[in-house]
Structures are given as structure tokens and as C-alpha cells.
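Undergrad: Need the 3D shape of this:
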Amino acid sequence: MADAALGRGADLEEDDMDDIRQERRGQSAYEREYEDDHSWEELEEDEYGNLRAPDRAAEQRARRRRLLSAAQSARIRRGMIRYVQVVLDLSRAASLADMRPLRAAVMSGVLQQFVRTFFDENPLSQLGIIVLRNGVAERLSELSSSPEAHIAKLRGNLDTGGDASLQNALDLAVGSLSSIPPYGHREVIIMLAALSTCDPGDINTAIKAAKQQRVRVSVVGLSAEMYVCRRMSQQTGGTYTVAMNEGHLQELMLEHAVPPPAPPGSSSVSLVRMGFPSRNPEAPGAAAFTGAECLLQPGGYTCPKCKARVAELPSQCHVCGLSLVASPHLARSYHHLFPVKPFSEVPADEVATSQGCGGVQPDAAPPPFAEGGPYCYGCYLPLGQQQQQAGSSGQGRRAAAAAPAAAVGGGGGPGIVSRCPGCKNLFCFDCDSFVHEQLHNCPGCECLPPQLSAAANGG
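TA: Numbers count the residues shown, from 1 in each chain. Alright, predicted model coming up:
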């Protein structure tokens, strides 16, 4: 009897252990499924203090207002050749886990995307990276036009610790920008995670030096607002913003990729000497010593002035100092001066009664699923389908985020429909943003015949 009771007790313990293991496996699966689902961060607070779901239409309208303000400031003189030092705060505050997995990892990812976007928007500019840790400012990469070199340096130097020192960061950044030619615009962008600065002296002296050297200092914070950062940005003509989450941090950083307005009283130099080098063959027999490091390699470009060989464009000749560029680099810098005209928002009742994609010229090959209803000229998605694609679950949001950019349509909720003032075609919100932020050309206007294109542009 006793042996039987012991046997039943052992079986019960094994069953309990199996239940515990099964529960743990289920919990682990749940955590993996919703590891990246921060749905609570999307909640907003209204004027009465109640929590509510985010208003996608309001977010889209706010983004459209930024696009409109950028288009309205097109006639403002901008610095097309920029020299930017990015300061990354890797103090102990960057090791906090309020942004998953760590603040340092999130800031590094955002900075890598900023570097690529910066050189896409500013092919004639140069950028360098400075890191703050243990109260010291360290130069991570020199001023150059190679995004891959900056990203490679950044990926291997993410150790955190100690305090942040804004004075040391300003001294190092301003010192490296003091020898910039007069036609270059000097900027410092600080990604600050700390709530304090531990300086060896008076930071006001460093701020005055930055102002005297015409260095524009901007700060993107991850914590609460600091008075010293606000004062520093105001005195140097920069901006100071604080990120609320990862997506907002990325948005604030990418705003600095667009050239800022030139400060009043800046240099009046209108002509800059540049060279258009010839490309060398890639054959192994054509190898030569390239660049200041004298690396023996084929390819590269030959300076038209001194015949020295450089590895990539744009760059500065290490022998004669001539700025070396290619014609596409100048063309990519052109769209900041003449951006696409802002699209006008179309009321919902007008969209419901519209057919096709609108436009002054009928679409020669409408999509088969349109069935006479309105659809976007850019992605060919039916405009009425945008409200149906709004995913309410976390799984739906992740699926929409993983979809290609051309297929999301209005996946974030009821979408805004806009119309180009030139070709009169209808566009969904995503295509509207893509045209103004990345493409910088309206596809409908580009496809118009010459006589219609002249009429659309007011010619």
C-alpha cells in the first residue's frame, strides 16, 4: 500500500512538472510573438485625460503640414555643401532599456539610417562622428563622404559608461570645423541620452566659441528637456527636440538630413571650384596607389588637376585639395532648390464619386481590379481599400510593417487622398510622401506629353 501511494505521488509530481514546463513553453512563445509589439505606446491622451487609440488621419495631416512648410521654404537660401559633426552620447544613460533592447542600440540604428539618408540628400557634404563616454569626447570617424566607413566604425564602438560632457563635445566638434572653407556650412548634431552634463569648465565659453565660428548646434534628446541644451541651440541658430519613442527619434533625426536655411550674414561665395575626374579601369593590370593611404588597387578616379588617384566620389583630392564630384551628385543636390509642388487634399465625398486616377490625361492601362472606382496613380491600389486595410491587431500591424512600401497603401488607417496640381492625378498618402520625400518628381507630370506638360507647369 505504501509503495502504491509513493508511486501515485511520483506520478502526480511528474504531471505537475509537465504542466509547469508546458506553461513555461507557452509563456516563452507568447513573449517571442509579442516581443516587438509596443501597442501601449500608441495610446494617446485627449484633452480630458482619457486614453484613446491614435488618430491616423491626424498624424498624416501633421506630416503633410511639414511637407507643405518645406515646400513653402523652397526659396530660402540653403547650405548645399555641409560639414556636419554628429555627437553620439554613449554615457551610462545610453545603457537604459526603456527603448528595446537598449538606448545605445536604438540610437546606433537610427544614426546608421541617418548617415545613409544624409549622403543621399547631401552628396556634396561631409560628415564625422564623435562619441561621448566616461566624460570624454572621442573622435570616432573623420569628416568624409563615405557612409560605409562611418557605419563600419559605428558598429564596433557601442560600449557605454560614465558621464556625458557637452563642453568636451563642443570643443572637439568646433575645433574640427574651424578650418572649413567659407562656402561650407558648419553644423553639430547631438544625440543626447543623459539628463546632465559633467564639464571640466564653463560650457558657456564653448557655446560662445561655437557661435563665433558660425557653427549651428542642434540637439535631439531622449530624456526630458534640459535648459542648457535649449540655450545652446537658440544661441547658435539650431533646434532642440526630444523624442517620445523610437519612431519619433528616427523622424527627428531624419529632419536634419535636409539642408537647413543658411544663417543671415553667411558667406556670399557663389562659385566653388570642383573637378570631374575620369574613372579608371578595373583590370588588375591597371592597379595604382590610391588615396592618402597609398593602397595598391585598381579602379578609382583620376584628379583632373594633379592626376592623383582617389578611391571614391565625392571626395577631396589628397594632393591638391580640389573637390572631386560627378554630375549625378550635382543633380541630386538640385531638388532642394526646386521641390515638387505640394499636393492638395481631396475631400472624402469627392473621392467616393471619382473614377480612375483623375488626371488631365486618361490612363492608357487602368488596373483590372479598379472596376471604375478611384485608385492611386502611384501604386494602383484602390483608394477605397485603404480603410479596409487598417489592421487592429498586433499581428496585422506587424504584417503591414513587413509589406513592401509600394503595397501598404493606407495600411495605417483611413488614408488621406491628395491631387497633384499639375497632372491632376490622385495619390494615396504613402505615394504622396514618397514623391515629396524621396522621388522629388511627380510621375504623373513626367509622363505628360510636351503640350500638356507645358500647360500643367503654367508655361
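Undergrad: which intervals of the stretch 101-250 of the chain have sub-threshold pLDDT?
TA: Nowhere does the stretch 101-250 of the chain drop to pLDDT under 70.
Undergrad: Which residue ranges of it form helices?
TA: For the stretch 101-250 of the chain, helices defined by DSSP state H, counting those that start in this stretch occupy the ranges 103-121, 147-155, 166-177, 203-212, 227-236, 246-254.
Undergrad: The longest one: how far from the chain's middle?
TA: Distance of helix 103-121 from the chain centroid (CA atoms, centre = their mean, to the nearest Å) equals 7 Å.
Undergrad: So what angle separates the directions of that helix and helix 246-254?
TA: In terms of direction (axes from the mean of the first three to the mean of the last three CA atoms, to 10 degrees), helix 103-121 departs from helix 246-254 by 40 degrees.
Undergrad: quick one, what contacts the nearest residue to Ala348 once chain neighbours are set aside?
TA: Sequence neighbours aside, Val417 is the residue nearest to Ala348 in space, at 7.8 Å (criterion: CB to CB, 6 or more residues apart in numbering). Quick note: C-beta positions are derived from backbone N, CA and C, even for glycine. By CB atoms under 8 Å, 6 or more residues apart in numbering, the contact list for Val417 reads 345-346, 348, 351, 374, 383, 426-429.
Undergrad: let's go with 10 Å and repeat that
TA: Neighbour list for Val417: 343, 345-348, 350-351, 354, 358, 374, 376, 383-384, 386, 410, 426-429, 432 [criterion: CB atoms under 10 Å, 6 or more residues apart in numbering].
Undergrad: Against Arg82, how distant is it?
TA: 36 Å (CB to CB, to the nearest Å).
Undergrad: just to revisit the earlier point, filter the contacts of Val417 down to the buried ones and express that as a ChimeraX selection.
TA: Once 16 or more other CB atoms under 10 Å is used to decide burial, the buried members of the contacts of Val417 can be selected in ChimeraX as follows:
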select :343,346,351,354,358,374,376,383,384,386,410,426,427,428,429,432
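Undergrad: Among the contacts of Val417, name the ones in helices.
TA: Among these, the members found in helices (DSSP state H) are 348, 350-351, 429, 432.
Undergrad: Out of those, which is nearest to Ser108?
TA: Lowest distance from Ser108 to the ones in helices among the contacts of Val417 (CB to CB) belongs to Phe429, with 29.8 Å.
Undergrad: ok, the closest residue to Phe114 other than its chain neighbours - contacts?
TA: Of all residues not flanking Phe114 in the chain, Met253 sits nearest, at 4.7 Å (CB to CB, 6+ apart). Shown in contact with Met253 (CB under 10 Å, 6+ apart): 86, 107, 110-111, 113-115, 117-118, 189, 191, 220, 241, 243.
Undergrad: Output these in TSV, with distance to Lys153 appended to each entry.
TA: As requested, the contacts of Met253 are arranged in TSV below (distance: CB to CB, whole Å):
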residue	distance to Lys153
Val86	12
Met107	15
Val110	16
Leu111	11
Gln113	16
Phe114	14
Val115	10
Thr117	18
Phe118	15
Ile189	17
Met191	15
Val220	20
Thr241	26
Ala243	23
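Undergrad: Ile129: which of those residues is nearest?
TA: Comparing these against Ile129 with CB to CB places Val86 closest, at 5.2 Å.
Undergrad: Tyr240 versus the closest one, what's the distance?
TA: Val86 sits 16 Å away from Tyr240, taking CB to CB as the criterion.
Undergrad: Between the two, which is the more surrounded one?
TA: Neighbour totals were compared for Val86 and Tyr240, and Val86 leads with 26 against 19 (other CB atoms under 10 Å).
Undergrad: what distance separates the helix or strand hosting the more buried one from the middle of the whole chain?
TA: Following DSSP states H and E, the helix or strand that holds Val86 is strand 82-89. Chain-centre distance of strand 82-89: 14 Å, with CA atoms, centre = their mean.
Undergrad: which helices and strands sit right next to that strand?
TA: Applying 3 or more CB pairs under 10 Å, 6 or more residues apart in numbering; DSSP states H and E, we find strand 82-89 packed against helix 103-121, strand 126-133, strand 136-144, helix 147-155, helix 166-177, strand 185-192, strand 215-221.
Undergrad: any idea of the angle it forms with helix 147-155?
TA: Interaxial angle of strand 82-89 relative to helix 147-155 (the same axes, to 10 degrees): 20 degrees.
Undergrad: Low-confidence bits of the stretch 351-459 of the chain, can you list those?
TA: Applying pLDDT under 70 to the stretch 351-459 of the chain picks out residues 359-372, 384-414, 451-459.
Undergrad: Swap in 80 and give it another go.
TA: Along the stretch 351-459 of the chain, segments meeting pLDDT under 80 span 355-356, 358-373, 384-415, 437-438, 449-459.
Undergrad: Do a quick rundown of the helices in it.
TA: Under the criterion DSSP H, counting those that start in this stretch, the stretch 351-459 of the chain carries helices at the ranges 394-402, 429-434, 443-446, 450-456.
Undergrad: Only C-alpha atoms, please: export the second one in CSV.
TA: This points to helix 429-434. Written as CSV, here are the backbone C-alpha positions of helix 429-434 (Å, rounded to 0.1, in the frame of the first residue of the first chain):
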residue,chain,number,x,y,z
PHE,A,429,-0.8,59.3,-48.6
ASP,A,430,2.1,56.9,-48.9
CYS,A,431,2.8,57.8,-52.5
ASP,A,432,2.4,61.5,-51.7
SER,A,433,5.0,61.2,-49.1
PHE,A,434,7.3,59.1,-51.3
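Undergrad: Use 743 as the first number from now on
TA: Got it, the first residue is 743 from now on, which makes the last one we talked about helix 1171-1176.
Undergrad: what packs against it?
TA: Judged by 3+ CB pairs under 10 Å, 6+ apart, helix 1171-1176 is in contact with helix 798-814, strand 1160-1161, strand 1168-1169.
Undergrad: Select from the ones you listed the stretch with the lowest mean pLDDT.
TA: Per-stretch mean pLDDT for these is lowest at helix 798-814 (a mean of 62).
Undergrad: Check the gap between Phe1018 and Ala847 for me.
TA: Per CB to CB, Phe1018 is found 41 Å from Ala847.
Undergrad: Gly1041 against Ser1020, yeah?
TA: No - Gly1041 is beyond contact range of Ser1020, at 11.8 Å (criterion: CB atoms under 10 Å).
Undergrad: Turn the helices and strands packed on strand 824-831 into TSV, columns for distance to Cys1045.
TA: As requested, the helices and strands packed on strand 824-831 are exported to TSV (distance: least, CB to CB, whole Å):
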stretch	distance to Cys1045
helix 845-863	21
strand 868-875	17
strand 878-886	17
helix 889-897	20
helix 908-919	24
strand 927-934	25
strand 957-963	30
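Undergrad: could I get the ones you listed as JSON lines with mean neighbour count and distance to Thr947?
TA: Converted to JSON lines, the helices and strands packed on strand 824-831 look like this (neighbours: other CB atoms under 10 Å; distance: least, CB to CB, whole Å):
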{"stretch": "helix 845-863", "mean neighbour count": "20", "distance to Thr947": "28"}
{"stretch": "strand 868-875", "mean neighbour count": "24", "distance to Thr947": "18"}
{"stretch": "strand 878-886", "mean neighbour count": "17", "distance to Thr947": "15"}
{"stretch": "helix 889-897", "mean neighbour count": "16", "distance to Thr947": "29"}
{"stretch": "helix 908-919", "mean neighbour count": "22", "distance to Thr947": "8"}
{"stretch": "strand 927-934", "mean neighbour count": "25", "distance to Thr947": "16"}
{"stretch": "strand 957-963", "mean neighbour count": "24", "distance to Thr947": "14"}
